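Colleague: below: sequence and its predicted model.
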Amino acid sequence: MSPTLDLVNDCLRFVIAFFEVINASAPHIYHSALPLSRPRTPIVYKLHKPHARPFVRVVQGLPVSWKPAAATVSYRAMIEVVAWSPCGRFVAVAPLYSVEVLDAATLERLYTFKVPRDGTRWLCFSPDSRLLTRFNAKLELTSWDLQTGGPVSIISSGLDESYGRHISSTYSTDGKMLAIAYGDFYKSTFAVSTYDLPSRTHTCRYHSPEGSIVASIWTHGECIRFATVGPGSIVIWEVGFTSTDAPIEVERLPVLGDLGGLRGALFLPALSRLASASKAGAMVWDARNSKLLLNAGNIRPETMSFSSDGRFFACGTFDREVYIWKESHAGYIHCKELMPGIFETPRPFISPDGGSIVAVHNSIVHLWRTADPTPPPSIVPTQSVGHFVLEFSPDGALAAVARVNGNTATVLDLKSGNPRLIVDAGMGIIGLRVTRDTIVVVGQGKVVTWTLPAGDCTLNARVNIDQSVQTTMFDYPAQEGRRTFVPYMSISPGLDRVAIVGYGSDPLEIYDVSTGERLAGTAIGGLMPWFTPDGREVWCMGNSVRGWTIVKDSESGVTKLEPVGPTIQPSGGNPWRSSRGYRVTDDWWVVSPSGKRLLWLPHDWRSPETNRKWSGRYLGLLRGELLEAVILELDE
């Protein structure tokens, strides 16, 4: 590839990746975009580095290469539904209580429509891509004109039922009628409803004669056609948009193979192709010619998508991957494998022309180009799944970080960003604490202490459990029904006590680090305990923030927890909030105490408040989808 083409591709990735921040604040090309665009071959950054003016230093967390997704957008709520426009220029998504239309090249938000809290079950565009229609759980529909940005119709279905799933929709050839297929897979009931758009009325409802309706339904002349799949065959049915007659069978096509344990099916009418997701894997048939085009038995499929012309087929799996196949004379051949996230099963949606693919997992939407190179293995997460735990040393010189339930903890020198010590704990880590010369790691049932190597220049030193200076087992009291798994804990600044809490109804307990003895406890705990800087109080998150003073009787030596008053705030503040007045805004800017925007947070750095950790000018971002925890040093 020529240097000029490399530069063009790098510039294109730069613009798409940072379109949102450039559009919001042009000066942040130099304050946010350039400092964050530092992969290993940063052509744009090398050219414009002298012009970068960052307010924030990234201690750890910069990517080693451009991310595989061409664009990403994130929401604070789960994405319920996604739809491509027929022209391929728009993507519609439905986060909770809204519907948004995004630009298909950059995922820029073009329109936002507020909707009632009645559940978006399906989105579809009109054939000319001008209208967008939303269906709710009761099959009521609302349509918006994308040229004017306003609603054009609201139609009630007159139905009282609530249906578990919407399957597909289609417009009549003149665009005046709209039909949608829906069903309840648990009750095995499926139907098609039609709507007259000019009169704003719900016209008809047809029940499926037999079997499960599979996506998609389609328009054939003046009629609606849909397919049902049953043992050994797929049946094509036809019914008029306004007919009161029952659907009639048009054609019955054989299906090769065993459809037992079918988790889902997808039908491409133009080519009579049937895709199935089952325990046996993902399979695609040419139903008309009884030919198997794909048999991917090595994956666990859940969601599937075809391009309109059938050239591409995608499948999201329970292993949190997206597989893409391309049509060839021998059937479908594997052409790409993506891993958009590590927590939720991704749902892929291929654009009508097959040139792009949107994959949704939980609250994040990723956009890929099918022609882009397959991402290198180095960007695929290799650590165990889970968020991170991070603690800063009291003097602000070091940070210790580990992935929750991972076996490795790293002590970082915050000035250089280099590792001082890498600890193989030999157990799943749930908490840690670091000082200038010590790191303490807590796993399920025990606490282990190591001494940090002397000197400030020691890099990448490694230790394991055999080189620890102390290991203590917790003396858990025998209690019926007690949970053995501990999700939340904190170590006191003096490294002498550990606070442990289960879930919201579990008690808060304090243990001695040197002996493992249970010192005190409360009947009511909370979540995510932490000690105040002086170690005299312990606090928990919950519906409200609760605190207890740790009191040791001088005569009996018994330690007790005494609740603090409800109006008292923890000394030293909340570790998930900056004590210096820095904050993260609702639109994902890190701002200074004076309100200056210091840094725009990329989508994969965005996390809830309790997945951040503050210490002076330092901010840790602990989102589980990250390859490593991000640590930022802020400077107004």
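Modeller: Received it, and whenever you're ready, just let me know what you need.
Colleague: what stretches of the stretch 151-300 of the chain score poorly on pLDDT?
Modeller: Where the stretch 151-300 of the chain drops to pLDDT under 70, the residues are 158-164, 184-188, 211, 256-263.
Colleague: what segments of this protein are helices?
Modeller: Under the criterion DSSP state H, the chain contains helices at 3-17, 19-24, 28, 34-36, 43-48.
Colleague: let me know which of those is the nearest to Thr438.
Modeller: Relative to Thr438, the nearest member of those by CB to CB is helix 34-36, separated by 33.4 Å. All C-beta spots, glycine's among them, are computed from the backbone N, C-alpha and C.
Colleague: can you list the helices of the chain in CSV and add mean pLDDT, mean neighbour count and distance to Asn405?
Modeller: CSV is the format used below for the helices of the chain (pLDDT from 0 to 100; neighbours: other CB atoms under 10 Å; distance: least, CB to CB, whole Å):
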stretch, mean pLDDT, mean neighbour count, distance to Asn405
helix 3-17, 79, 14, 31
helix 19-24, 86, 17, 33
helix 28, 93, 23, 36
helix 34-36, 88, 22, 29
helix 43-48, 81, 16, 35
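Colleague: Ile299: which of those is closest?
Modeller: Going by CB to CB, the one of the helices of the chain nearest Ile299 is helix 3-17, 29.0 Å.
Colleague: now do the closest one: which elements does it pack against?
Modeller: helix 43-48 (3 or more CB pairs under 8 Å, 6 or more residues apart in numbering; DSSP states H and E).
Colleague: now render the helices of the chain as TSV, adding distance to Asp586.
Modeller: TSV is the format used below for the helices of the chain (distance: least, CB to CB, whole Å):
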stretch	distance to Asp586
helix 3-17	22
helix 19-24	13
helix 28	17
helix 34-36	20
helix 43-48	29
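Colleague: which one of those lies nearest to Asn611?
Modeller: helix 34-36 (19.1 Å).
Colleague: Thr567 is nearest to which of the helices of the chain?
Modeller: helix 19-24 (38.9 Å).
Colleague: ok, and what's touching that closest one?
Modeller: Val15, His28, Ile29, Ser32, Ala33, Ala71, Val73, Thr106, Glu108, Trp600 (CB atoms under 8 Å, 6 or more residues apart in numbering).
Colleague: need the next SSE after it, C-terminal direction.
Modeller: Heading C-terminal from helix 19-24, the first helix or strand you meet, by DSSP states H and E, is helix 28.
Colleague: what packs against that next one?
Modeller: Counting by 3+ CB pairs under 8 Å, 6+ apart, helix 28 packs on no helix or strand.
Colleague: which one of the contacts of helix 19-24 is nearest Arg121?
Modeller: Val73 (21.5 Å).
Colleague: residue contacts, the nearest residue to that closest one once chain neighbours are set aside?
Modeller: Excluding the flanking residues, the one nearest Val73 by CB to CB, 6 or more residues apart in numbering is Leu107, at 4.3 Å. For Leu107, the contacting residues are Ala71, Thr72, Val73, Val91, Val365, Leu367, by CB under 8 Å, 6+ apart.
Colleague: quick check: bridge partners of Trp589?
Modeller: Trp600 (DSSP bridges).
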